Each structure stands twice: as C-alpha cells, then as structure tokens.
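1. With the sequence up front, the predicted model follows.
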Amino acid sequence: MRLRLERVYEPPPHPDGIRILVDRLWPRGLSKAKAGIDFWAKEVAPSNELRDWYQHELEKWPEFRRRYREELKNNDAAVKELIAKLGNGNATLLFGSRELNHNNAVVLKEYLETLR
C-alpha cells in the first residue's frame, strides 16, 4: 500500500486510489461533488482543542506533532476504522491547509506508516 498526501483543493492528477479527507472541518468553498472524496475520517483528525491551540504557528509544530500522535494513540477505534478503509491499495490523505509540510495529514501519514 502507498499513502500519498494532497491538498483537497487540487484536482486528482490521476486515479490515485481511495481519497480520504482527514480534517475535522469540511473545506471551505468546496462542494461534496467537486471534492471527489471517498471517505471523511473526521474522527481521526486533531481535536478542536488541539487545532485551536496550534493555529498553524510553525514554532508549535514539534509540540503539535507530539500531542496529535498522543491523541491518535488514544483514539484506537477511529484509527482502526481508517486502516480498514485504507485496505491494501493506494490511498491519498486529503487536507485543506495551505501549509503542505506542517499539517495533521503529515503526522497522520507518519503514524500510520509506523503501524504497518
């Protein structure tokens, strides 16, 4: 299985397996029809409290990663549901953030890869 990361606002470049939105909030200005999302894994996204604390302030990135991984460890049911949706094929984890390298999808991908 191969996991890719992609901004939800970008059209899929080619068939890339199951497309999973991993944000807690639906992306602004994007219709469900246009999004091309197969599954919305909002329960595996960072908690509202963690999102509000982080605010994409890059100096908080190391602590955000630590706290989010801790949330994932304590959210076994949602993580298992996501893994079941991923199956053995290719998948793309979709996120809304403009920050391509410092967002929850990056941490989630790293976390999932440690479980395989």
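-> Okay, I see it.
2. Report the separation between Pro13 and Asp52.
-> Computed as CB to CB, to the nearest Å, the Pro13 to Asp52 distance reads 33 Å. (Glycine included, C-beta is placed from N, CA and C.)
3. So what touches the helix or strand bottoming out on mean pLDDT in the chain?
-> Within the chain, no helix or strand scores below helix 32-35, which has a mean of 84 by mean pLDDT, DSSP states H and E. Residues outside helix 32-35 that contact it (CB atoms under 8 Å, 6 or more residues apart in numbering): Val8, Leu21, Pro27, Leu94.
4. mind exporting that helix as PDB, just the C-alpha atoms?
-> Extracted C-alpha coordinates of helix 32-35, given in PDB (Å, rounded to 0.1, in the frame of the first residue of the first chain):
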ATOM      1  CA  LYS A  32     -19.000  17.500  -1.900                       C
ATOM      2  CA  ALA A  33     -19.500  16.700  -5.600                       C
ATOM      3  CA  LYS A  34     -16.300  18.600  -6.600                       C
ATOM      4  CA  ALA A  35     -14.200  17.200  -3.800                       C
END
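5. Next secondary structure element downstream of that helix?
-> Remark: after helix 32-35, the chain's next helix or strand is strand 39-40, criterion DSSP states H and E.
6. Which secondary structure elements does the helix or strand Arg19 falls within sit against?
-> Applying DSSP H and E as the criterion places Arg19 in strand 18-21. Helices and strands touching strand 18-21, by 3 or more CB pairs under 8 Å, 6 or more residues apart in numbering; DSSP states H and E, are strand 39-40, helix 76-86, strand 91-95.
7. Just say helix, strand or coil for Pro15.
-> Using DSSP: H, G, I helix; E, B strand; the rest coil, the structure places Pro15 in coil.
8. Brilliant, that's me finished.
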